[in-house]
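Peer 1: Got a predicted structure here, sequence first:
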Amino acid sequence: MTTLMALRNGNFRTEQIDITPDTSMLPKSGKTGYSLPQAIAELVDNSIDARSSNEVLEVRVVIQSDYISVKDNGLGMDKSTARNALVLGYSEKKNQLGEFGIGMKAACTSLGKKFNVKTSKKGTKNEYFYSYDEDSWLSKRKRDDWTDSIRIIDKENIDEHGTLVEIEDLTRKVSSARKKDVVNDLSARFAPFLLNGEVKIFVNNSECIPEEPELSETKKEFEIILPNDNKIYGWYGLLKHGSNRGLYGFNTFRRGRMITSYDKLGIPYHPTVSKIIGEIHMNHVPVSSNKKGWETESDEYKEAESLLKKEFMKIVAKARESSMNEKIDKDVLEKTEL
């Protein structure tokens with residue numbers, strides 16, 4: 001009798017098994033290829049989710065050769081929320097940046113072997129402190145023991161609020177060039193929040209300020225309305241000077257957070273369209289759990305791709321015409337000089 005026939009005929013018995021993850025899953029969660037800016041952006045995501053409607057959120061990132069920290073003046077967490085924030089994969093967030101419940105743990109363990117979290121809410125007398133050490137965590141005798149402790153400290157000032165994440169014993173070298181990369185990345189990645197004044201981000205006291213591209217004409221805004229109150233929107237235009245290094249296309253966003261940069265979504269990857277630049281916002285399209293890319297096989301993404309190709313037909317034609325004119329002008333100039 002085949003296995004399939006045995007299952008159909010009920011010729012089997014059932015036995016419960018324990019599939020609790022091995023404790024090594026926690027440090028392994030950080031082995032997802034995060035770059036330094038991507039890992040820090042995951043921590044900034046949580047700060048933005050915890051922003052108050054009554055004041056501008058300030059996120060201060062400190063990057064040293066042996067230490068990284070991300071501090072905010074957001075709402076902070078109570079004991080229950082702080083505990084749940086440490087559970088791998090746990091999240092009750094809806095329509096927010098940190099919806100997967102993986103980012104903080106994965107980002108911290110990708111950057112270093114130790115991290116601390118200190119948090120408190122305004123008007124409460126307690127702050128909560130959690131400390132993680134990879135070596136201690138992995139030395140547990142029981143590999144299925146996911147329990148740990150959190151410290152409760154009496155606050156001196158009950159009006160203090162916000163969250164501080166500190167990473168130590170770094171597993172990668174951090175140069176001054178990498179610090180500049182973080183400033184540039186966060187400036188672009190959270191541009192919608194920075195431009196509307198909701199959020200301010202500082203890296204080693206340098207403020208993150210989005211750069212405006214130099215366009216040859218006024219940008220064109222667009223909006224595509226979809227069923228279920230979903231929409232695709234943004235803007236596009238032509239750069240004064242095209243890029244030979246692929247630095248053209250669209251910064252794509254989900255809920256105000258950049259997912260991809262210089263994406264060629266809806267346009268061909270070709271030098272003749274290297275002046276096209278813009279933004280695409282697709283809040284309903286699913287992304288990977290590490291937010292490093294779109295779920296390109298999803299129905300929502302494929303629908304967006306089809307609609308955007310139609311939307312960008314005119315700007316693609318215009319870019320090609322501009323490219324051709326530039327080539328003609330260059331040829332004429334060279335012959336005139338000769």
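Peer 2: Received it, and whenever you're ready, just let me know what you need.
Peer 1: What are the boundaries of the strands in the stretch 101-250 of the chain?
Peer 2: Using DSSP state E, counting those that start in this stretch, the strands of the stretch 101-250 of the chain run over 112-120, 126-133, 151-154, 162-170, 199-203, 206-207, 220-225, 231-238, 249-254.
Peer 1: for residue 66, what are its contacts?
Peer 2: 168-170 (Cβ atoms under 8 Å, 6 or more residues apart in numbering). All C-beta atoms are positioned from the backbone trio N, CA, C, and that covers glycine.
Peer 1: What would I type in PyMOL if I wanted to highlight the buried members of these and nothing else?
Peer 2: The following PyMOL line selects those of those that are buried, judged by 16 or more other Cβ atoms under 10 Å:
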select buried, resi 168+170
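Peer 1: Quick one: residues contacting residue 225.
Peer 2: By Cβ under 8 Å, 6+ apart, the neighbours of residue 225 are residue 231.
Peer 1: which one of the strands of the stretch 101-250 of the chain lies closest to residue 51?
Peer 2: Nearest of the strands of the stretch 101-250 of the chain to residue 51, taken as Cβ to Cβ: strand 199-203 at 6.7 Å.
Peer 1: Given the closest one, what are its sheet partners and their directions?
Peer 2: Paired strands of strand 199-203, with direction, are strand 57-64 (parallel), strand 206-207 (antiparallel) (DSSP bridges).
Peer 1: Could you check the longest one and say which residues are buried?
Peer 2: Spelled out, that is strand 57-64. 57-61, 63.
Peer 1: can you check stretch 149-164 too?
Peer 2: Neighbour-count burial for stretch 149-164 [16+ other Cβ under 10 Å]: 161-164.
Peer 1: Repeat that for stretch 189-203.
Peer 2: Neighbour-count burial for stretch 189-203, counted by 16+ other Cβ under 10 Å, picks out 189-194, 199-203.
Peer 1: could the contacts of residue 66 go into CSV alongside distance to residue 177?
Peer 2: CSV is the format used below for these (distance: Cβ to Cβ, whole Å):
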residue, distance to residue 177
168, 22
169, 22
170, 16
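Peer 1: which one of the buried residues of stretch 149-164 sits closest to residue 262?
Peer 2: The nearest one, if we look at these relative to residue 262 and count by Cβ to Cβ, is residue 163, at 32.0 Å.
Peer 1: Kindly state the beta-bridge partners for that closest one.
Peer 2: Going by DSSP bridges, residue 163 forms beta bridges with residue 72, residue 119.
Peer 1: and residue 40, what are its phi and psi?
Peer 2: Torsion angles at residue 40 (phi, psi; degrees, to the nearest 10) stand at phi -70, psi -40.
Peer 1: Can you name the residues that contact it?
Peer 2: Taking Cβ under 8 Å, 6+ apart, we find residue 40 in contact with 61, 63, 68, 70, 107, 111, 182, 186.
Peer 1: quick one, what contacts the fourth one?
Peer 2: In other words, residue 70. Going by Cβ under 8 Å, 6+ apart, residue 70 touches 40, 43-44, 47, 59-61, 164-165.
Peer 1: go on, the first one?
Peer 2: The neighbourhood of residue 61, defined by Cβ under 8 Å, 6+ apart, consists of 40, 44, 68-70, 182, 186, 201-204.
Peer 1: let's see it at 6 Å
Peer 2: Counting by Cβ atoms under 6 Å, 6 or more residues apart in numbering, residue 61 touches 70, 203.
Peer 1: Run through who's touching stretch 285-294.
Peer 2: By Cβ under 6 Å, 6+ apart, stretch 285-294 touches 32, 100, 102, 254, 259, 295, 298, 300-301, 304.
Peer 1: Going by neighbour count, which of these comes out on top?
Peer 2: residue 304 (23 neighbours; other Cβ atoms under 10 Å).
Peer 1: Would you verify that that one is located in a helix?
Peer 2: Yes: assessed with DSSP: H, G, I helix; E, B strand; the rest coil, residue 304 lies in a helix.
Peer 1: Next, find the distance separating it from residue 231.
Peer 2: According to Cβ to Cβ, to the nearest Å, residue 304 stands 10 Å off from residue 231.
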